[in-house]
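In: sequence first, predicted model second:
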Amino acid sequence: MKHAITAALGAMLALSVAMPASAQFTDRNLRISNGVNADHPAGNGVSAMEACLTEKSGGATKITAFWGGALGGDLQATQALRSGTQEMVVTSSSPLVGILPALGVFDLPFLFANEEEADAVLDGEFGDYIAEMLPEVGLINLAYWENGFRNLTNSRNPVEKWEDLEGMKVRVMQNNIFLDTFQNMGANATPMAFGEVFSALETKAIDAQENPFVTIDTSKFYEVQEYLSVTRHAYTPFLVLFSKPIWDTLSAEEQAALQECAIVGRDAQRAASRELSEKSLAAVTEAGMQVNELSAEEQARMVEKAQVVYEKHAADIGPEVVERVQAALAEIRGN
Ligand code: TK8
């Protein structure tokens, strides 16, 4: 008897020594979705994350990505995460303000001046502070990736000052802060899911939309839009979200691998986004879009015009949230 136990223990010990790290990983296929196409830098991020997961899990953790809104838009996919029917989504924060109003902070017009500020705020304490609010609504934020600075395109006229928006039918994300930002400048803003934008532009149901250069390029908006005005009116991040109900069934090793690999993905994704941004601008110009920068003076007038949106929405976002982001930015800017 004693002998048998010793033998069994010995066998177990041998087994645990021989066991690869992947023993902590169950075979899983994680579905991740996004509204943009696979050639968007989000694709680079997912590929890098996947390679990292393959290595850490010994091949047990797999990702299947769905592009072009194949699993529904940002909001629909995020709701699927909350109910535990989909594992992951790369989503703009903007359509999720109905789920977590604090996310509206990223929709405040002209909040970030450049990528360095966005990175410092998102990867710093403020980003953690927002991420800590998400489990309560059934979501885990693994990392902030880049969507980028948003610019306006339209089929009507160049926008060189905010008055040029008068009566323009502009598609905005499903978000009241964006809606007010454009209404306040005289536009006729319409909230719409991303998946409907191309055909709404094509049929001229709307005149305009706003997105970063890479999206204007990879979603082929240049085919149905004439003018591109470099407004840089908002930097809305991507959240890389994981379903909380599914997260709670993962091993600690699986959770740690996902967190680490989302950061590996982030670095690849941001690098790709920044590299592609200028190339995309060149590509859409080449494709025939008429591009205009705003003069420094008109840019300043637009920023000034947008200030009322801060006052109007601070209460909804949460005054403390707005104060905290402004404090973080003041620190970065050294004032
Ligand atoms: C992609 C979206 C999109 C966003 C928008 O899923 O809706 O305009 O910028 O690119 O997140």
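Out: The structure has been received and is ready for your questions. Numbers count the residues shown, from 1 in each chain.
In: spatially central residue for the chain, please.
Out: residue 238 (1.2 Å; Cα atoms, centre = their mean).
In: so it: helix, strand or coil?
Out: Here residue 238 is recorded as strand under DSSP: H, G, I helix; E, B strand; the rest coil.
In: over to the one 4 residues further on?
Out: Here residue 242 is strand, with the state taken from three-state DSSP.
In: neighbours of it, how many?
Out: Residue 242: 24 surrounding residues under other Cβ atoms under 10 Å. In short, each C-beta sits where N, CA and C put it, glycine included.
In: and for residue 38, nearest residue in space, chain neighbours not counted?
Out: residue 67 (4.4 Å; Cβ to Cβ, 6 or more residues apart in numbering).
In: the ligand versus residue 60, what's the distance?
Out: 28 Å (Cβ to the nearest ligand atom, to the nearest Å).
In: give the phi and psi angles for that residue, as a check.
Out: When quoted as degrees, to the nearest 10, the phi and psi of residue 60 stand at phi -70, psi -40.
In: distance of it relative to residue 140?
Out: According to Cβ to Cβ, to the nearest Å, residue 60 and residue 140 sit 20 Å apart.
In: just to revisit the earlier point, for the residue nearest to the centre of the chain, what are its contacts?
Out: Counting by Cβ atoms under 8 Å, 6 or more residues apart in numbering, residue 238 touches 42, 90-93, 144-147.
In: still on that earlier bit, which ones are touching the residue nearest to residue 38?
Out: Contact analysis of residue 67 by Cβ under 8 Å, 6+ apart lists 33-34, 36-38, 40, 43.
In: distance to the ligand and pLDDT added to these, as CSV?
Out: Formatted as CSV, the contacts of residue 67 follow (distance: Cβ to the nearest ligand atom, whole Å; pLDDT from 0 to 100):
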residue, distance to the ligand, pLDDT
33, 8, 97
34, 5, 95
36, 5, 96
37, 10, 95
38, 12, 95
40, 8, 97
43, 12, 97
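In: which of the residues you listed count as buried?
Out: 33-34, 36-37, 40, 43 (16 or more other Cβ atoms under 10 Å).
In: so which of those are in strands?
Out: residue 33 (DSSP state E).
In: any idea of the pLDDT on residue 295?
Out: Residue 295 carries a pLDDT value of 97.
In: how much space between it and the ligand?
Out: Counting by Cβ to the nearest ligand atom, the separation of residue 295 from the ligand is 26 Å.
In: ok so, going back, so residue 60 and residue 140 - more neighbours on which side?
Out: A direct count of neighbours by other Cβ under 10 Å for residue 60 and residue 140 places residue 140 higher, at 23 against 19.
In: shouldn't the more buried one be within a strand?
Out: Yes. Counting by three-state DSSP, residue 140 is part of a strand.
In: wait, it sits on residue 246?
Out: No. At 9.2 Å, residue 140 does not count as touching residue 246 under the criterion of Cβ atoms under 8 Å.
In: quick one, phi/psi of the residue of the chain found nearest the ligand?
Out: For the chain, the residue closest to the ligand is residue 35, as judged by Cβ to the nearest ligand atom, at 2.4 Å. Dihedral angles of residue 35 (phi, psi; degrees, to the nearest 10) stand at phi -80, psi -20.
In: try residue 189
Out: Per degrees, to the nearest 10, the backbone of residue 189 is at phi -80, psi 140.
In: distance of the nearest residue to residue 110 once chain neighbours are set aside from residue 231?
Out: Nearest residue to residue 110 in three dimensions, chain neighbours excluded: residue 303, at 4.8 Å (Cβ to Cβ, 6+ apart). Note on residue 303: its distance to residue 231, by Cβ to Cβ, is 10 Å.
In: which one of the two has more residues nearby?
Out: residue 231 (23 against 14).
In: tell me the phi and psi of that one?
Out: Here is the backbone geometry of residue 231 (degrees, to the nearest 10): phi -90, psi -30.
In: need the contact list for residue 99.
Out: Taking Cβ under 8 Å, 6+ apart, we find residue 99 in contact with 78, 82, 137, 139.
In: from those residues, which would you call buried?
Out: 78, 82, 139.
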